[in-house]
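**Student:** Test case, fold it:
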Amino acid sequence: MRPPPLAALAPLAVLLAGALSLSCSVANVPANAMPMIRARATSDLDCADRDVRIEEQLGGHFKAVGCGRKAYYRAACEALRCVVSGEGEAMVPWRDRPDPAEVDRQRDRLPFE
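**Tutor:** Numbers count the residues shown, from 1 in each chain. Predicted coordinates:
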């Protein structure tokens, strides 16, 4: 008795799904952070977006070059949320950040001067 034709494709489908999920979770981390890095670099370098070149380095590190200046950044992403910090700045992980709603409630409690 021959197995159904689709049964032979099941192991291939599992491998393909695993490869796709791995590439999405790992390979897209720099891509998710790139807009934030570009925005920081254009501001920090005081340079037009079209004149800024960003080089991805190892371990979530980036080098931005433009208008005769350069800056270094670190990026860390958790799913689609990314944190970008400049050289010498402390990086606060997402899990350690306060809930934005709680920050708003505390700010609303402060008396106005």
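
**Student:** hmm, who's touching stretch 61-77?
**Tutor:** 29-30, 32-33, 36-38, 40-42, 44-48, 51-57, 60, 82-87, 91, 93-94 (C-beta atoms under 8 Å, 6 or more residues apart in numbering). C-beta coordinates here come from the backbone N, C-alpha and C atoms, glycine included.

**Student:** Between the two ends of that stretch, what distance do you get?
**Tutor:** 12 Å (C-alpha to C-alpha, to the nearest Å).

**Student:** residue ranges with poor pLDDT in this protein?
**Tutor:** Counting by pLDDT under 70, the chain shows low-confidence ranges at 1-30, 92-100, 103-113.

**Student:** List the first helix or strand encountered after the lengthiest strand in the chain toward the C-terminus.
**Tutor:** Using DSSP state E, we find that the single longest strand of the chain is strand 69-78. Of the helices and strands lying after strand 69-78 in sequence (DSSP states H and E), the nearest is strand 81-86.
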